[in-house]
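Visitor: below is the structure, and that's it, no one-letter string:
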């Protein structure tokens, strides 16, 4: 079993920055692909970014503004969010998966955190 706990969300003005953290516990952290997803009110959950053992990928909507990274020694994954826009407002979820065939597809992820709210004011 893997437990994921997100932190770092909050209220920020447009153009500002936030850094989300996801602490993991349980099985070997390095064995998992890690992802960030978000869900805005009334919308479906959408892919934000993912990190595998040797690469990262980001959704087009956040490319150049958000950066995912992972610290294997600390069993943590981060999402640095810069140049935030009101449309980035959502609950952000951390996810982990062992056999993720499509990083942007949430159905491949096995474990999820409880989410952290990010609100960007205009």
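Guide: Yep, it's here. It should be emphasised that the depicted structure is a prediction, and the values quoted were computed from it without experimental measurement.
Visitor: tell me which element the residue nearest to residue 76 when sequence neighbours are not counted is part of?
Guide: Of all residues not flanking residue 76 in the chain, residue 23 sits nearest, at 5.5 Å (Cβ to Cβ, 6 or more residues apart in numbering). All C-beta atoms are positioned from the backbone trio N, CA, C, and that covers glycine. Residue 23 is located in strand 18-25, with elements delineated by DSSP states H and E.
Visitor: please name the strands paired to the helix or strand following that strand in the sheet, noting orientation.
Guide: Under the assignment DSSP H and E, the closest C-terminal helix or strand after strand 18-25 is strand 33-39. Looking at strand 33-39 with DSSP bridges, its partner strands are strand 46-51 (antiparallel), strand 90-97 (antiparallel).
Visitor: how about residue 5, nearest residue that isn't a chain neighbour?
Guide: Residue 5 sits nearest to residue 23 (Cβ to Cβ, 6+ apart), 4.9 Å away.
Visitor: point out where this structure drops to low pLDDT.
Guide: 27 (pLDDT under 70).
Visitor: residue nearest the centroid of it?
Guide: The chain has residue 36 as the residue nearest its centroid, 2.1 Å off, counting by Cα atoms, centre = their mean.
Visitor: in contact with the closest residue to that one other than its chain neighbours, which residues are there?
Guide: In space, residue 36 comes closest to residue 48 once its chain neighbours are excluded; the distance is 4.2 Å by Cβ to Cβ, 6+ apart. Neighbour list for residue 48: 35, 36, 37, 38, 58, 59, 62, 66, 68, 79, 92 [criterion: Cβ atoms under 8 Å, 6 or more residues apart in numbering].
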